[in-house]
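Asker: What follows is a predicted structure for the sequence shown.
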Amino acid sequence: MIHGGASADVLLGGSGSDIIDGGSGDDIILGGNGDDVLIGGAGRDVLDGGNGDDVLSGGDGNDVLTGGKGDDILVGGGHDDILDGGKGDDILHGGTGNDILTGGDGDDTLFGDDGNDRLEGGKGDDILSGGAGHDVFIFTGGGGQDVVLDFKAGEDVLQISRNINGLKVTDAADLAARVTDQHGDAVIDLGHGDSITLKGVSAADIHNHPNDFFVIH
């Protein structure tokens with residue numbers, strides 16, 4: 001196990017499975033190869049798991065966590081964190097604060113938790129949960145068949161790229177026209193095999209109030 005001190009440390013793992021604890025201070029921790037456990041601790045930390053199935057915990061402070069290749073678990077902790085799962089089937093928890101979560105390639109599961117978060121699943125069939133707060137779910141195309149577990153109209157919003165998959169969306173009504181009901185869930189067809197399923201959301205509500213659900217970007 002590698003321990004950092006109270007200052008701003010740069011800690012490097014090797015080719016094996018490392019456990020690295022940065023301690024307090026604004027640390028940079030690079031896991032390298034292997035299935036690593038990286039702990040940022042207090043401070044504004046930068047953690048990069050590298051190759052392998054890694055576990056990254058930012059702790060307190062505004063942290064930046066990158067999973068890299070492999071099936072990683074990233075936990076932001078307190079304050080406003082940036083999490084990027086990278087390649088693989090990753091699990092991301094933002095924790096408290098206004099966090100930015102990006103799943104990357106693979107079938108990822110993203111939990112914004114508390115705070116006003118931004119979640120983007122990326123490629124693959126992803127599961128997204130904003131948690132408490134006013135959350136933004138971002139879709140740019142090529143993302144697969146995604147599921148949003150806890151969309152709350154009037155609090156959360158779906159941010160859709162104007163030219164997503166070549167659809168040339170002009171307003172929220174264009175997207176509402178692509179919404180169907182499937183077993184009590186609203187399903188949005190984004191073309192090219194991409195879709196968003198909003199669990200427990202009425203398709204009729206989207207048809208009647210599209211601007212409560214969509215923002216075109």
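Answerer: On my side now, so go ahead.
Asker: Packing partners of the helix or strand of the chain with the lowest mean pLDDT?
Answerer: Lowest mean confidence among the helices and strands of the chain (mean pLDDT, DSSP states H and E): strand 2-3, at a mean of 90. In terms of contacts (3 or more CB pairs under 8 Å, 6 or more residues apart in numbering; DSSP states H and E), strand 2-3 is packed against strand 19-21. C-beta: built from backbone N, CA, C; applies to glycine.
Asker: so who does Pro210 touch?
Answerer: Pro210 makes contact with Asp171, Ala172, Ala173, Leu175, Ala176 under the criterion CB atoms under 8 Å, 6 or more residues apart in numbering.
Asker: and the fourth one, what does it touch?
Answerer: This points to Leu175. Leu175 sits in contact with Leu158, Ile160, Val169, Ile188, Pro210, Phe213, Phe214, Ile216, where contact means CB under 8 Å, 6+ apart.
Asker: What strand or helix carries it?
Answerer: helix 172-176 (DSSP states H and E).
Asker: Could you list the buried residues of the strand ranked longest in the chain?
Answerer: Under DSSP state E, the strand in the chain containing the largest number of residues is strand 185-191. Of all the residues in strand 185-191, those buried under the rule 16 or more other CB atoms under 10 Å are Asp185, Ala186, Val187, Ile188, Asp189, Leu190.
Asker: And those residues, which is closest to Asp117?
Answerer: Among the buried residues of strand 185-191, Ile188 lies closest to Asp117 (CB to CB), at 20.1 Å.
Asker: centroid residue for this structure?
Answerer: Closest to where the C-alpha atoms of the chain average out (CA atoms, centre = their mean) is Leu101, at 2.9 Å.
Asker: Touching, that residue and Asp90? I think so.
Answerer: No. Leu101 is beyond contact range of Asp90, at 9.8 Å (criterion: CB atoms under 8 Å).
Asker: on that earlier part again, just how off-centre is the longest strand of the chain within its chain?
Answerer: Centroid separation between strand 185-191 and its chain, computed with CA atoms, centre = their mean, to the nearest Å, is 20 Å.
Asker: That strand: what's the following helix or strand?
Answerer: Next along the chain after strand 185-191, taking DSSP H and E as the criterion, comes strand 194-198.
Asker: hang on, the earlier thing: report all helices and strands that the longest strand of the chain contacts.
Answerer: For strand 185-191, the elements it packs on are strand 179-182, strand 194-198, helix 203-208, judged by 3+ CB pairs under 8 Å, 6+ apart.
Asker: can you do 10 Å?
Answerer: Using 3 or more CB pairs under 10 Å, 6 or more residues apart in numbering; DSSP states H and E, the elements in contact with strand 185-191 are strand 145-148, strand 157-160, helix 172-176, strand 179-182, strand 194-198, helix 203-208.
Asker: Go ahead and confirm Leu167 touches Ile188.
Answerer: No. Between Leu167 and Ile188 there is no contact under CB atoms under 10 Å: 11.1 Å.
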